[in-house]
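**Student:** just coords:
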């Protein structure tokens, strides 16, 4: 049971850091201290997995691994695996409010390879072997995939002709051991401060991934291994053509045959990384949008039946009351609604969706204790950006709902009257948990938006500076939590 509480949504990549991207170092601890001081109980992040095309964490080469870009160089120095001078070479010389993925990739990999070279002669061999045994369900496959990826010059796994070097495979096992240790240290710090971590599981995996490479039999493919259908969603709020994701679709009959073991391993892994987990596109377990391979748009797809409650009966049998949140946004039919109710998991509400009509299902007075409520998600504009771009009629509904008076509705910043009024309206709802993107915590505009669905490039780059973190109105949020009873977590 999740108690009435509140939190902030800020991905690891967006944390303040010297190294071109947020990481598992001091920036995360500073955020935890801020959340604790404000009386909040949750820190929500995006999937920890390696990023793929367009730097998206929803397009990864592994559903189980941790992103090497998040390694904390200062911890490597403390472990004696790299020198201070070597870590200083990874310090980013550019702006501190945007992620530089190419620089971070180059600098972090160089550090990890130096660290691995020294770990071979230090006391890490036994530790890594123990980690490998504890993660035998996924790590050997990931190691083999990454080593073969290198041997095949970065070609996708369905075009490979060579096996990987065992030494290269062991390097990736070492990286995952270090990353997991650093993350668990940060998570333990958060938990000690009363902050719970809310993580994320993308429903699908990438075609070019360790998951597909190691378990091709669990996906819908033809005799030659080619994909028959791919994932997507029909036309919706975000796109008139729908979204053609292109991910492989699961063969749910094959997965049912072994009791959904792969999914149980995946959820089990997530429950060791997070205190609670949001499963993205949850409706896909009831019915999923299947698009013929080679189709130009997602409009050519059709709904097909997923595993439904059979999967989650297996989940509930395997895990004792797992803290799962269902991403159930969008247009839902009666069957999906009944399925969500039967799972008993919390659903989601987004305030920005609540004012396009007077009777919207997302208007805040309709939220219940079965919901986690947001001003917006990583796919939405910031609250201030929304105010500047939404039609006046919709904006007027929101301002009236929040009882906001005055003509300064467009003013942002950490003390923005309008953003504070909107947040107060969200905190006052019956929702079990309220989550605020850090951009709204700071009153930032649309130029800090995290992701625009359908836009292939330029996303996932927002970073928070230490200066912005220091300017947050702590007193306002501390008082708001006390007024509306949102000062505890699990």
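**Tutor:** Happy to help now that I have it. The model shown is predicted, which means the values in this text are computed figures rather than measured ones.
**Student:** Can you tell me the SS state at residue 422?
**Tutor:** Three-state call for residue 422 (DSSP: H, G, I helix; E, B strand; the rest coil): helix.
**Student:** wait, what's in contact with it?
**Tutor:** 351, 375, 383, 398, 402, 404, 440 (C-beta atoms under 8 Å, 6 or more residues apart in numbering). Yep, even glycine has a C-beta here, placed from its N, CA and C like the rest.
**Student:** Flag every buried residue along stretch 399-417.
**Tutor:** Neighbour-count burial for stretch 399-417, counted by 16 or more other C-beta atoms under 10 Å, picks out 399, 401-402, 404, 409, 412, 414, 416.
**Student:** The residues you listed: which two are farthest apart?
**Tutor:** Distances among the buried residues of stretch 399-417 were taken as C-beta to C-beta; the most separated pair is 401 and 414, at 22.7 Å.
**Student:** Do me a favour and get the end-to-end distance for stretch 50-65?
**Tutor:** By C-alpha to C-alpha, to the nearest Å, the extent of stretch 50-65 from end to end equals 7 Å.
**Student:** so for that stretch, what's the average pLDDT?
**Tutor:** For stretch 50-65, mean pLDDT rounds to 96.
**Student:** again with stretch 151-169
**Tutor:** Regarding stretch 151-169, the rounded mean pLDDT is 96.
**Student:** Okay, buried residues for it please.
**Tutor:** By neighbour count on 16+ other C-beta under 10 Å, the buried set for stretch 151-169 is 151-152, 157, 160, 164, 168-169.
**Student:** which one of these is nearest residue 446?
**Tutor:** residue 157 (37.5 Å).
**Student:** Isn't that closest one up against residue 215?
**Tutor:** No - using C-beta atoms under 8 Å, residue 157 is not in contact with residue 215; the gap is 11.7 Å.
**Student:** Secondary structure element holding residue 245?
**Tutor:** In the assignment (DSSP states H and E), residue 245 maps to strand 243-248.
**Student:** Just send the buried residues of stretch 151-169 back as JSON lines, with secondary structure and distance to residue 308 too.
**Tutor:** Below are the buried residues of stretch 151-169 laid out as JSON lines (DSSP: H, G, I helix; E, B strand; the rest coil; distance: C-beta to C-beta, whole Å):
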{"residue": "151", "secondary structure": "helix", "distance to residue 308": "41"}
{"residue": "152", "secondary structure": "coil", "distance to residue 308": "38"}
{"residue": "157", "secondary structure": "helix", "distance to residue 308": "30"}
{"residue": "160", "secondary structure": "coil", "distance to residue 308": "35"}
{"residue": "164", "secondary structure": "coil", "distance to residue 308": "38"}
{"residue": "168", "secondary structure": "helix", "distance to residue 308": "41"}
{"residue": "169", "secondary structure": "helix", "distance to residue 308": "38"}
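**Student:** Out of these, flag the one nearest to residue 277.
**Tutor:** For these, the nearest to residue 277 is residue 157 (26.4 Å; C-beta to C-beta).
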